[in-house]
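Visitor: Quick check, what structure comes out for this input:
(one chain, ligands or ions: 1)
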Amino acid sequence: MERLMITGQVPLKGEVEVHGAKNSSLPLLAAAVLCHGQTVLHNCPDLSDVAAACEILSYLGCRVEREGRTVLIDTEGICRHSVPDSLMREMRSSIVFLGAIAARMGRAELCFPGGCELGPRPIDLHLSALRKLGLSIREEHGNLLCRTDGRMTGTSLSLSFPSVGATENILLAAATAQGRTILTNAAREPEIVDLAGFLNQCGARISGAGEGTIVIDGVETLHGCEHRVIPDRIVAATFLSCAACTGGDVLVKQVEPAHLAGVLPIFEEMGCHVRCYADAVHLKAPGRLRAVKDVRTMPYPGFPTDAQAPIMAAAAVAEGTSVFVENIFESRYKHAAELTRMGARIKLEGKVALVEGVPKLSGAEVFCTDLRGGAALVAAGLCAEGTTILREIHHIDRGYERIEEALRPLGAQILREDSTF
Ligand code: UD1
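Guide: Predicted structure coming up:
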């Protein structure tokens, strides 16, 4: 069992680079299943969730090799159509493999992903769209048994909510379907644009990604290509939050500032000086942060739910009361109880969190409850007085590549330790 030891109250200063996006890498690795020959993904972060996706590919019979942040996938040996339960349970977003496996193999078998730390994670939108594309899906004893006779068939689809995962599954299934698919109320996240761009490089014909309506003209086959994963906008937001709550002065590099348009105004409202460059964002924090009136999580381009927890750590030490409204997931305030152990004053009522800023947090032993909640505790530990011991850090490793090594050059006093108790 590993833990992070953080000694706080050091203002972060300097430059930090952001790795490739986890939430792009996973659908891109699933998309590789569709491609004949070799696919090479650059800037693919070395994270436990990405390793799980690579394990799924190996299980299917693909050759997968990693060198640094480059991953090569060769699908010529693909021979299986199922995802082992253990891997489905390890990473619930493995559901994004469904559309790709079914399209490539004509069948797919995987277990229902079930709920997770963020509350129930239904996949009804994925399943009803795939059924409309002609995939027959039987739900039996917690498993999904899927089959298609030949290629799936393009059709008109409309999502009742712009689900990121459902949009990805539809793109993957429709890319090689027969005929045209028109998807309305599609998710518009940058990760969708990255996936569609990749598929088009592989021979797909997709237009409108990043907008509410996406048109997919199915092609017979796809070939592999070389592609660079977009920067991780949530890692960028996390580093900015660490800089903000420690009174720091940090240049966050290798980012796409446009992808942070929903987040940067919040830092400005908190009194930070924010400046964007072509592929970097500079943030200089004031002596004391100010509260934010209203942080409402929304589908892109709104404020991302994944940045809610890291920014709540900053709000915890801001002057005044900040209001958060979580509109995307039912149960996404688990970090609030851990922040409270560190002296934060947070009141929860349904989807609303009222955060009454305190002058300082105090170091404590706290537990990561989920990936982004864990990131919030890192930010809180960095600004707290004394030492914070952070446990259950495997959650953080799902989405941040060795976070302590990224933050240490900024002056952060953060160490990873093995602990037997
Ligand atoms: C993705 C991201 C996750 C992010 C989320 C929202 C990955 C691997 N994960 O998750 O980090 O927090 O987008 O930006 O990319 N829903 C249904 N039925 C469905 C599908 C979704 O009701 O079939 C609901 C969910 O319960 C949730 C909301 O829609 O309340 C958003 O989910 P969705 O956009 O699908 O998120 P994910 O793709 O799971």
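Visitor: pretty sure Ala376 contacts His335?
Guide: Yes - under the criterion of CB atoms under 8 Å, Ala376 lies in contact with His335, with a separation of 4.7 Å. (Each C-beta comes from the backbone N, C-alpha and C, glycine too.)
Visitor: where along the stretch 301-421 of the chain do the helices fall?
Guide: All helices of the stretch 301-421 of the chain, identified by DSSP state H, counting those that start in this stretch, fall at 308-315, 334-341, 371-383, 394-397, 403-407.
Visitor: Same question for the stretch 101-250 of the chain.
Guide: Under DSSP H, counting those that start in this stretch, the stretch 101-250 of the chain gives helices at 124-132, 164-174, 190-201, 233-245.
Visitor: okay if I get the ones you listed as CSV plus distance to Leu222 and mean neighbour count?
Guide: Below are these laid out as CSV (distance: least, CB to CB, whole Å; neighbours: other CB atoms under 10 Å):
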stretch, distance to Leu222, mean neighbour count
helix 124-132, 18, 19
helix 164-174, 10, 27
helix 190-201, 7, 22
helix 233-245, 27, 30
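Visitor: one step back: the helices of the stretch 301-421 of the chain into a markdown table, with extra columns for distance to the ligand and mean neighbour count?
Guide: Converted to a markdown table, the helices of the stretch 301-421 of the chain look like this (distance: least, CB to the nearest ligand atom, whole Å; neighbours: other CB atoms under 10 Å):
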| stretch | distance to the ligand | mean neighbour count |
| --- | --- | --- |
| helix 308-315 | 9 | 29 |
| helix 334-341 | 14 | 20 |
| helix 371-383 | 8 | 29 |
| helix 394-397 | 13 | 20 |
| helix 403-407 | 17 | 19 |
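Visitor: Take these and write them to a markdown table, including mean pLDDT.
Guide: Listed next are those as a markdown table, based on pLDDT from 0 to 100:
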| stretch | mean pLDDT |
| --- | --- |
| helix 308-315 | 98 |
| helix 334-341 | 97 |
| helix 371-383 | 97 |
| helix 394-397 | 95 |
| helix 403-407 | 98 |
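Visitor: of all those helices, which lies closest to Thr321?
Guide: helix 308-315 (8.8 Å; CB to CB).
Visitor: elements contacting that closest one?
Guide: Judged by 3 or more CB pairs under 8 Å, 6 or more residues apart in numbering; DSSP states H and E, helix 308-315 is in contact with helix 233-245, strand 295-296, strand 321-325, helix 334-341, strand 352-356, helix 371-383.
Visitor: So which bits of the stretch 1-150 of the chain are right by the ligand?
Guide: By CB under 6 Å from any ligand atom, the residues of the stretch 1-150 of the chain that approach the ligand are Asn23, Leu26, Ser93, Arg121, Pro122, Ile123, Asp124, Leu125, His126.
Visitor: Output the below-cut-off pLDDT ranges for the stretch 101-250 of the chain.
Guide: 114-116 (pLDDT under 70).
Visitor: Please name whichever of the helices of the stretch 301-421 of the chain is nearest to Arg107.
Guide: For the helices of the stretch 301-421 of the chain, the distance to Arg107 is smallest for helix 371-383, at 31.7 Å, taking CB to CB.
Visitor: what comes up buried for the one helix or strand Leu4 maps to?
Guide: If you go by DSSP states H and E, Leu4 is part of strand 2-7. Across strand 2-7, burial judged by 16 or more other CB atoms under 10 Å covers Arg3, Leu4, Met5, Ile6, Thr7.
Visitor: Now do it, average pLDDT.
Guide: For strand 2-7, mean pLDDT is 97.
Visitor: which other helices and strands contact that strand?
Guide: helix 371-383, strand 387-391, strand 413-418.
Visitor: orientation of the shortest one relative to helix 334-341 in degrees?
Guide: The reference is to strand 387-391. 150 degrees (axes from the mean of the first three to the mean of the last three CA atoms, to 10 degrees).
Visitor: residues contacting the residue lying closest to Gln308 once chain neighbours are set aside?
Guide: Closest residue in space to Gln308, ignoring its immediate chain neighbours: Thr297 at 5.4 Å, by CB to CB, 6 or more residues apart in numbering. For Thr297, the contact set (CB atoms under 8 Å, 6 or more residues apart in numbering) comprises Phe303, Pro304, Thr305, Gln308, Phe324, Val325, Glu326, Asn327, Ile328.
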